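*Asks:* When you get a sec, could you give me coordinates for this:
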Amino acid sequence: MILFGRKDKHIGTREIPNEICVECGKKGGVVSVFQIFFHIALIPVIPISRKIASQCYSCRVVKVEKQFSIKQREVSVLLKKEFKTPLWTLIGASIIFILLLYKLILKWV
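*Replies:* Numbers count the residues shown, from 1 in each chain. As a prediction, the model looks like this:
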């Protein structure tokens, strides 16, 4: 059983139907946003970062944000604004905070 680690979760996608792939020359693709978080016993504790990647429909080539075209950069900026860090990635940190607060209150009482 994995007790702790890093996990990626897909949080959103937008199509770019008119984007021409540099590799195969065909139109069509998607840009996706992934939330990366640290987990303990599969409970998300701390959101680390968000990554953006694009993929061509025909050749399936994946590009990271540094390799994006101008159109892909525009879509990625809109995606960053639209898809914020989900609150569920803070569940573990909230539970730990509540337990620590509870322990401190019991210590003072």
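
*Asks:* Spatially nearest residue to Gly28 (excluding sequence neighbours)?
*Replies:* Leaving out its chain neighbours, the residue that sits closest to Gly28 by C-beta to C-beta, 6 or more residues apart in numbering is Tyr57, at 4.0 Å. Where you see a C-beta, it was placed from the backbone N, CA and C, and this is true even at glycine.

*Asks:* Next, count neighbours for that neighbour.
*Replies:* Tyr57 has 16 neighbouring residues, counting by other C-beta atoms under 10 Å.

*Asks:* In the protein, what residue spans correspond to strands?
*Replies:* 4-15, 29-40, 43-56, 62-64 (DSSP state E).

*Asks:* Check those for me and report the most buried one.
*Replies:* Compared across the strands of the chain, strand 29-40 shows the largest average neighbour count, a mean of 19 (mean count of other C-beta atoms under 10 Å).

*Asks:* That one vs strand 4-15, what angle?
*Replies:* 160 degrees (axes from the mean of the first three to the mean of the last three C-alpha atoms, to 10 degrees).

*Asks:* tell me which strands and helices strand 29-40 is in contact with?
*Replies:* The contact analysis (3 or more C-beta pairs under 8 Å, 6 or more residues apart in numbering; DSSP states H and E) places strand 29-40 against strand 4-15, strand 43-56, helix 70-82.

*Asks:* Now the longest one - C-alpha only, PDB.
*Replies:* The C-alpha trace of strand 43-56 is given here as PDB (Å, rounded to 0.1, in the frame of the first residue of the first chain):
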ATOM      1  CA  ILE A  43      -6.200  11.600   1.000                       C
ATOM      2  CA  PRO A  44      -5.200  14.800  -0.700                       C
ATOM      3  CA  VAL A  45      -3.300  17.000   1.700                       C
ATOM      4  CA  ILE A  46      -1.600  19.900  -0.200                       C
ATOM      5  CA  PRO A  47      -2.100  21.100  -3.800                       C
ATOM      6  CA  ILE A  48       1.300  21.500  -5.400                       C
ATOM      7  CA  SER A  49       0.700  22.900  -8.800                       C
ATOM      8  CA  ARG A  50      -1.400  22.900 -12.000                       C
ATOM      9  CA  LYS A  51       0.100  21.700 -15.300                       C
ATOM     10  CA  ILE A  52      -1.200  22.200 -18.800                       C
ATOM     11  CA  ALA A  53      -0.700  19.900 -21.700                       C
ATOM     12  CA  SER A  54      -2.000  19.700 -25.300                       C
ATOM     13  CA  GLN A  55      -2.600  16.600 -27.500                       C
ATOM     14  CA  CYS A  56      -3.200  16.200 -31.200                       C
END
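
*Asks:* No further queries at this time; thank you.
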